[in-house]
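Colleague: predicted model and sequence below, questions to follow.
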Amino acid sequence: MKTFRNFLFASFTLLILQSSFCKFPYSLTGGRPELTDTVTVSVLPFTNSAPLAKATYANSLTESLRDAIQRQTRMKMVPSGGDLNFEGNVTAYSVSPAAIQAGTTNQAAMNRLTITVNVKYTDAINNKLSFNSNFSRYSDFSASQNLASVEDQLIKDINDQLVQDIMNRSINAW
């Protein structure tokens, strides 16, 4: 028992010493330390080039990204020309079968809504982190459901995932 207490004491002491002398490049809350409340962010309205997308989808994604940035960071949102700038368009919006039912009917048991967006991110603080990339996410729903009846919830789920992917790649630099 005494050996265990000595081990615990030594481990705790080392942990304290290490945290006193070691400076981490990232904060414990995530993100890049140079992104303070003086940094400005602009999210230009996304456009829609996917023929089957819901008419309001591009606006929904734009607002989801803006909301997440305001909720999760202390950076100031500006209409355009920010230190960090996001723009993009919806390139694909499709429904496809995700799982086939067992038996002879060959009908889908689940359908999948897949959305792909192209995002151009410009980082004036660290240009090496700028990118132009596609992000794609999906959500499955029962084939017995009509897309129109579940589409709003599917869009919300997909937007949450897409926004997190975009923020992880840009602001969090993962």
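Modeller: Right, received. Where do you want to start? Residues are numbered from 1 along each chain as shown.
Colleague: can you show me the strands along the protein?
Modeller: 40-43, 47-48, 76-77, 84-100, 108-123, 131-142 (DSSP state E).
Colleague: minimum distance to Asn59: which of the ones you listed has it?
Modeller: strand 47-48 (8.7 Å; Cβ to Cβ). C-beta: built from backbone N, CA, C; applies to glycine.
Colleague: point out the most buried one among the strands of the chain.
Modeller: strand 40-43 (a mean of 20; mean count of other Cβ atoms under 10 Å).
Colleague: still on that earlier bit, of the strands of the chain, give the one that comes closest to Val150.
Modeller: Nearest to Val150, of the strands of the chain and by Cβ to Cβ, is strand 131-142 at 4.9 Å.
Colleague: who's in contact with that closest one?
Modeller: By Cβ atoms under 8 Å, 6 or more residues apart in numbering, the residues outside strand 131-142 that reach it are 91-92, 98-99, 109-121, 147, 150, 154, 157-158, 161-162, 165-166, 169-170.
Colleague: for stretch 119-128, same thing?
Modeller: 32, 34-35, 39, 83-88, 129-135, 166, 169-170.
Colleague: just send the strands of the chain back as TSV, with distance to Ala58 and mean pLDDT too.
Modeller: Below are those laid out as TSV (distance: least, Cβ to Cβ, whole Å; pLDDT from 0 to 100):
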stretch	distance to Ala58	mean pLDDT
strand 40-43	12	97
strand 47-48	4	98
strand 76-77	18	95
strand 84-100	5	93
strand 108-123	9	95
strand 131-142	14	97
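Colleague: of the ones you listed, which is nearest Glu63?
Modeller: Here strand 40-43 is closest among these (Cβ to Cβ), at 8.8 Å.
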